[in-house]
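Colleague: After the sequence you'll find the predicted model.
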Amino acid sequence: TPIAAGLLAALFVTVIGNLDGAIQLIQSVWGSVVFGEPFVAFDFWRSSRMLPELEDIDPSVFTFWLSDRQVLSPDAFCLSGLRTDNTCPDIAHHITEFPFFSFLFGDLHAHVIVMPFALLVLGLGLAFMVGLKAATKRWVIGVIPFFALALGSLWTINSWDYPSYLLLMLAMLSIGAHLMVGRANHNERLWTFIGVSTSTVLLSIFFFLPFHLGYETFGTLLEVAKWQTPLTAYLSIHGLFVFLILSFLIYINRRPLKTIILILVSLPTRTKKPSTHLPACSFKIAWEAVVMPLMLILIAYLAATGYWTAAILTALIGLAAMAVREEFGKLDNRSGYILFPTTIAAFAFLVGVGVEFVRVGDDIGRMNTLFKFYLEGWILMALASAIGLWYLVKRAPFHSIKLAPSRRLLVLGLLGKTFWLTLLAILGISTLIYT
């Protein structure tokens, strides 16, 4: 039942940790068994500092957005010591807390207080996403003030969250308006989106007007980030979530992915005569044929410049966009509930890409930028993962293995099922070691 998805979401958001608990356990066991070292006590603090100290990356012609390093005199003071080219390393420290660590640490700061309000905004956003298609004007007018009140509270509690959830809210409202197909024409859907989003944003500021009249910011708003997150570190933090969301997106995209694979496989042998062996959905490939090469070029460019985390997350965003398009092509009563986890997962990946290139001005390196936005990503990915896992179990894609047309496919299916469930169990248990 959907209640199971809700309980699973609560577990993922508030209870589990990152994979560092399992990493520490493996390292201690290995050192004890292989080298005879004493078993190392568990370091709860280390799990909140998963990224090492990083130096600013060396600019090149391919990373044109990075400014050149400042060359100093050989006798200039540099806390970490001058490099051989007389430049001073810009060292960035990072905080990678997750909710349970903050609870355990008793860290009742803004990033903890804002969590229930952020979840409230997501809940109301989901209500609009799935409810606009059948909602009355009275319902919409009645709910908007509560949506605006919840959204506006984010700025007053933890201002880092307001811009992110504002953009996410606009994305969810646009999808909710699109789902009104069949009930409203294009102009009506457009004006519904404009009306609801504009009134929500304006009210979110108006309700807290005394706060905004006395609110001041200092320094620059945004600056270019000069550090790259190691892919291994990102996966050590979000490994379970990435695995579940990737599985969910692959399942949602199984038809277009199958079409793409068949076309790629048939390219060397195809003649001018149109193939009659492609599935019925092959006419949909036009969109992917235009966008996919651009996405692949961007991913390759990011990887070539050392931004491996951004490259992988961009690929996942591409899969999410493909899932949205696939669902738009077959809208039904369950579309909103598929588009919700897809949208919030894509936005979480987008946040992960963003901190690779931008930091909030006057930050200490990008310590707080990564800290605050990774917490946002944790909540979004946790919810998307819980819904995705529930959906995969409910749809039971592995049950169709028994219907495989040949013994070879049956064996391959069983091996794939065993591998997937084993990996899920390993990752799931690993996230619970910390707690």
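Modeller: Sure, I can see it.

Colleague: residue nearest the centroid of this protein?
Modeller: By Cα atoms, centre = their mean, the chain has its centre lying nearest to Ala348, at 2.4 Å.

Colleague: Spell out which helix or strand contains it, please.
Modeller: Taking DSSP states H and E as the criterion, Ala348 maps to helix 335-357.

Colleague: Count residues in the vicinity of the residue lying closest to Ala4 once chain neighbours are set aside, would you?
Modeller: Nearest non-adjacent residue to Ala4, counting by Cβ to Cβ, 6 or more residues apart in numbering: Trp390, 5.9 Å away. C-beta: built from backbone N, CA, C; applies to glycine. By other Cβ atoms under 10 Å, the residues close to Trp390 number 21.

Colleague: And the next helix or strand past the one helix or strand Trp390 maps to?
Modeller: In this assignment (DSSP H and E), Trp390 forms part of helix 367-395. Following helix 367-395 in sequence order, the next helix or strand is helix 407-433 (DSSP H and E).

Colleague: And that following helix, what does it pack against?
Modeller: Applying 3 or more Cβ pairs under 8 Å, 6 or more residues apart in numbering; DSSP states H and E, we find helix 407-433 packed against helix 20-35, helix 231-252.

Colleague: Now do the same contact list for Leu339.
Modeller: For Leu339, the contact set (Cβ atoms under 8 Å, 6 or more residues apart in numbering) comprises 129, 175, 179, 324, 327.

Colleague: On the strand side of things, show who Val360 bridges to.
Modeller: Beta-bridge pairing for Val360 (DSSP bridges): Leu222.

Colleague: Tell me who's in contact with it.
Modeller: Neighbours of Val360 in contact, by Cβ under 8 Å, 6+ apart: 160, 221-223, 368-369.

Colleague: Just the buried ones from these, in ChimeraX syntax?
Modeller: Here is the ChimeraX command that picks out the buried ones among these, judged by 16 or more other Cβ atoms under 10 Å:
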select :160,368,369
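
Colleague: By pLDDT, give me the weakest of the contacts of Val360.
Modeller: Across the contacts of Val360, the member with the lowest pLDDT is Leu221, scoring 81.

Colleague: Tell me the spacing between that one and Thr192.
Modeller: 32 Å (Cβ to Cβ, to the nearest Å).

Colleague: wait, the residue nearest to the centre of the chain sits on Leu380?
Modeller: Yes: between Ala348 and Leu380 there is a contact at 3.9 Å, judged by Cβ atoms under 8 Å.

Colleague: what about this protein, any weak spots by pLDDT?
Modeller: 220, 267-289, 396-406, 409 (pLDDT under 70).

Colleague: quick one, phi psi at Leu93?
Modeller: Wrong residue type there; residue 93 is His, not Leu. phi -100, psi 160 (degrees, to the nearest 10).

Colleague: count of neighbours near the residue lying closest to it once chain neighbours are set aside?
Modeller: Distances taken as Cβ to Cβ, 6+ apart place Met367 nearest to His93, at 5.1 Å, with adjacent residues excluded. Met367 is flanked by 15 other residues according to other Cβ under 10 Å.

Colleague: now the one 4 residues further on
Modeller: Applying the criterion other Cβ under 10 Å, we find 19 residues in the vicinity of Phe371.

Colleague: correct me, but it touches Phe98?
Modeller: No: at 10.6 Å, Phe371 and Phe98 do not qualify as touching, with contact defined as Cβ under 8 Å.

Colleague: Tell me how far Leu249 lies from Ile387.
Modeller: Distance of Leu249 to Ile387, computed by Cβ to Cβ: 12 Å.

Colleague: list the residues that contact both of these two?
Modeller: What both Leu249 and Ile387 touch, as defined by Cβ under 8 Å, 6+ apart, is an empty set.

Colleague: Give the buried residues for stretch 81-89.
Modeller: Buried positions in stretch 81-89, judged by neighbour count with 16+ other Cβ under 10 Å: 82, 87-89.

Colleague: Put the alpha carbons of it into CSV.
Modeller: Provided in CSV are the C-alpha atoms of stretch 81-89 (Å, rounded to 0.1, in the frame of the first residue of the first chain):
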residue,chain,number,x,y,z
GLY,A,81,52.5,26.9,1.7
LEU,A,82,53.1,28.2,-1.8
ARG,A,83,52.9,25.9,-4.8
THR,A,84,55.9,25.6,-7.2
ASP,A,85,54.3,28.2,-9.4
ASN,A,86,54.1,30.7,-6.5
THR,A,87,50.3,30.4,-6.2
CYS,A,88,48.6,29.9,-2.8
PRO,A,89,46.2,26.9,-2.7
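
Colleague: So what touches that stretch?
Modeller: Residues outside stretch 81-89 that contact it (Cβ under 8 Å, 6+ apart) are 55-56, 69-74, 76, 78-80.
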